[in-house]
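Visitor: Prediction below, plus the sequence it came from.
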Amino acid sequence: MSNELLQHIKYPSDLKKLSRDQLPQLAQELRDFVINIVATKEGHLGASLGVVELTIALHYIFDTPNDLLVWDVGHQAYPHKILTGRKDVFHTNRQLDGISGFPKRSESEYDTFGVGHSSTSISATLGMAIASKLKGNTKKQHIAVIGDASIASGMAFEGLNHAGVTDTNILVILNDNAIGIDPSVGALKEYLTKAKVGVKPRTNTIIEALNFNYFGPIDGHDLPSLLNILEKLKTIKGPKLLHIITTKGKGLKQAEEDQIKYHAPGKFDAATGDLIPKNNDKLPPKFQDVFGYTILELARINKKIVGITPAMPTGSSLKYMMQEMPDRAFDVGIAEQHAVTLAAGMATQGLVPFCTIYSTFLQRAYDQIIHDVALQNLPVIFCIDRAGIVGEDGATHHGVFDIAYLNCIPNMIVAAPKDEIELRNLLYATSLGLENPIAIRYPRGRGHIIDWRKPFQNIEIGKAQVIKEGTDIAIISTGTIACNVTMALEFIEEKIGHYHFGFIKPLDVNLLNRILQRYKTIITIEDGVIKGGFGSSIVNFANQYGFNNKIITLGVPDQFIHHGTVEELHDICGISSNSILRKIQELQ
């Protein structure tokens with residue numbers, strides 16, 4: 001279908017010039033536009049296809065950006081971006097210097113709140129509604145769009161609980177499609193499923209118990225119904241919740257049928273919807289799969305091992321254990337705080353909990369890490385996926401803070417293996433029993449070793465490795481950034497030493513002493529923030545014991561890094577192989 005209508009729409013003011021009868025055609029054009037660009041440029045597909053009609057209806061009925069619209073998480077905001085001035089640059093989505101894949105306040109006045117993590121929309125929207133009330137603006141509308149997976153998170157309930165006792169003009173739209181990235185889980189999901197078929201519990205709805213006026217459920221793809229109910233809700237005061245039922249991936253057959261894969265499918269044929277095949281047979285594994293297959297292997301041997309993930313069984317590859325051992329592997333939903341303390345409770349009873357959480361999401365459970373795990377010195381094993389720069393998802397998803405925020409916690413062991421085999425052996429070593437909690441960080445994407453399923457070998461906690469001896473300059477790296485160092489040193493003479501510290505805490509003080517005694521110049525390299533990071537520990541150690549070496553710390557600078565490929569962003573941060581090579585050459 002041509003873009004007969006869409007080509008004339010740049011902002012919502014243009015949208016409002018259309019008749020209501022024209023909107024279904026616009027919805028089809030908008031859906032096709034998203035499909036055609038994401039097919040080649042990649043990105044989050046299914047969530048955006050599911051809210052095309054809702055997006056059109058919201059911008060048609062409400063006076064955005066004067067009326068304030070907040071999208072929870074933001075995976076579903078592509079149609080919103082296209083209708084709010086970014087259609088002509090949408091092809092730059094998630095690329096270096098292009099538009100962000102998530103709503104971003106600095107990008108557009110229509111993006112009223114920056115998002116990327118779940119369950120923040122209700123609190124933010126309530127804050128805006130209270131501000132409007134204090135300013136005496138009683139006509140401004142405040143709308144939060146949140147999915148059924150996100151509304152089950154604790155923070156969403158906190159927002160609902162507060163909003164229910166405030167006399168504010170807030171509308172929460174529950175976009176219920178029974179899936180986040182993986183299928184939604186938990187008792188609330190079962191409750192919503194009953195609501196869809198008209199089964200109402202005796203004590204009225206949960207929403208009404210929180211003092212919200214409940215409307216729905218209605219078909220979220222029925223534009224006339226959406227327009228009518230939103231028009232009505234504009235006139236109703238107080239907190240309101242509209243429950244709409246949508247289909248993730250709506251309008252693309254494969255995306256509707258395989259909603260997990262088409263959440264972010266990579267490249268696909270826009271005409272047929274078929275994924276473009278990838279020749280992965282001879283590629284090294286993804287680090288998440290090294291974790292997933294290894295924990296399953298270990299769990300078969302050790303009956304005390306349990307696995308926990310907050311809503312990321314596919315992304316973390318805990319799904320393999322969940323499929324074979326559903327009674328010992330748990331998806332707890334978008335509830336990182338609960339996941340950590342659940343693991344702590346299990347550890348008190350002698351289980352061996354592997355809690356796998358993306359680095360950027362583990363931030364959401366920081367108090368639980370300190371108070372419930374480390375303070376009690378419980379041997380929880382944190383498997384921190386997506387550590388370091390993650391690429392096109394940008395600042396909300398880079399896992400660059402975990403070294404700094406874990407390094408300062410007493411009792412915590414912090415490990416960063418350099419490759420797949422070391423990760424596998426670390427998982428084995430920790431499964432044998434520890435007296436302390438440990439965090440094992442590893443990156444998004446593939447490693448470099450195809451034949452990684454070697455027999456297990458125990459790893460000594462706190463022991464570093466000599467990769468290459470030298471005489472002039474020592475490079476001390478931690479984690480998989482060691483690969484960038486190795487590539488850089490291929491072009492350098494033999495005088496450069498390279499040492500891999502797979503344990504950031506505790507440090508291998510014996511080897512570190514020898515390095516500081518041997519080399520005048522030392523470069524530390526990490527895929528994480530410099531401030532408070534691995535390099536800081538090396539500098540602190542040198543200062544504490546009276547060394548006066550020249551120590552240069554390379555890593556992520558003190559600024560938020562936005563989106564681009566991992567290689568582009570490594571170069572910006574000065575930790576790509578080319579950047580490392582240039583730095584060494586400057587020092588020689």
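Guide: Arrived safely, thanks for sending.

Visitor: Low-confidence ranges, the stretch 101-250 of the chain, go.
Guide: 195-202, 204 (pLDDT under 70).

Visitor: now do 50
Guide: Flagging of the stretch 101-250 of the chain using pLDDT under 50 yields the residue ranges 201-202.

Visitor: Do a quick rundown of the helices in the stretch 51-200 of the chain.
Guide: For the stretch 51-200 of the chain, the helices defined by DSSP state H, counting those that start in this stretch cover 52-61, 78-81, 121-134, 154-163, 187-196.

Visitor: Just want the angle from the longest one to helix 154-163.
Guide: So the one you mean is helix 121-134. Counting by axes from the mean of the first three to the mean of the last three CA atoms, to 10 degrees, helix 121-134 lies at 30 degrees to helix 154-163.

Visitor: For helix 121-134, name the packing helices and strands.
Guide: In terms of contacts (3 or more CB pairs under 8 Å, 6 or more residues apart in numbering; DSSP states H and E), helix 121-134 is packed against strand 68-71, strand 142-147, helix 154-163, strand 170-176. To be clear about C-beta, it is placed using only N, CA and C from the backbone, and glycine gets the same treatment.

Visitor: any chance you could map the strands in the stretch 351-500 of the chain?
Guide: Counting by DSSP state E, counting those that start in this stretch, the stretch 351-500 of the chain has strands at residues 352-358, 381-385, 413-415, 438-441, 465-468, 473-477, 496-500.

Visitor: Adding distance to residue 511, mean pLDDT and mean neighbour count, write the ones you listed out as TSV.
Guide: Formatted as TSV, the strands of the stretch 351-500 of the chain follow (distance: least, CB to CB, whole Å; pLDDT from 0 to 100; neighbours: other CB atoms under 10 Å):
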stretch	distance to residue 511	mean pLDDT	mean neighbour count
strand 352-358	29	98	27
strand 381-385	24	98	28
strand 413-415	16	98	24
strand 438-441	20	98	26
strand 465-468	7	96	14
strand 473-477	9	97	26
strand 496-500	7	97	24
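
Visitor: a markdown table please, covering these and showing distance to residue 30.
Guide: As requested, those are exported to a markdown table (distance: least, CB to CB, whole Å):
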| stretch | distance to residue 30 |
| --- | --- |
| strand 352-358 | 31 |
| strand 381-385 | 34 |
| strand 413-415 | 46 |
| strand 438-441 | 40 |
| strand 465-468 | 52 |
| strand 473-477 | 47 |
| strand 496-500 | 50 |
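
Visitor: Which one of these lies nearest to residue 506?
Guide: Proximity to residue 506 (CB to CB) singles out strand 413-415 among the strands of the stretch 351-500 of the chain, at 7.1 Å.

Visitor: now the helices for the stretch 401-550 of the chain?
Guide: For the stretch 401-550 of the chain, the helices defined by DSSP H, counting those that start in this stretch occupy 402-407, 420-431, 482-489, 509-518, 534-544.

Visitor: Could you dump those into TSV with distance to residue 260 and mean pLDDT added?
Guide: Below are the helices of the stretch 401-550 of the chain laid out as TSV (distance: least, CB to CB, whole Å; pLDDT from 0 to 100):
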stretch	distance to residue 260	mean pLDDT
helix 402-407	26	98
helix 420-431	24	97
helix 482-489	30	96
helix 509-518	44	97
helix 534-544	35	98
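
Visitor: Out of the helices of the stretch 51-200 of the chain, flag the one nearest residue 458.
Guide: The nearest among the helices of the stretch 51-200 of the chain, by CB to CB, is helix 154-163 at 38.5 Å.

Visitor: distance of the residue nearest to residue 46 when sequence neighbours are not counted from residue 89?
Guide: The shortest distance from residue 46 to any non-neighbouring residue, by CB to CB, 6 or more residues apart in numbering, is to residue 249 (4.0 Å). Residue 249 sits at a distance of 25 Å from residue 89 (criterion: CB to CB, to the nearest Å).

Visitor: Quick check: the gap between residue 364 and residue 249.
Guide: Here residue 364 is placed at a distance of 27 Å from residue 249 (CB to CB).

Visitor: More neighbours: these two, which one.
Guide: Shown here are residue 364 and residue 249; by other CB atoms under 10 Å, residue 249 has more neighbours (26 against 23).

Visitor: wait, isn't that one in contact with residue 259?
Guide: Yes. At 5.4 Å, residue 249 counts as touching residue 259 under the criterion of CB atoms under 8 Å.

Visitor: dump the residue contacts of residue 93.
Guide: By CB atoms under 8 Å, 6 or more residues apart in numbering, the residues touching residue 93 are 37, 41, 43, 78, 81, 99, 100, 101.
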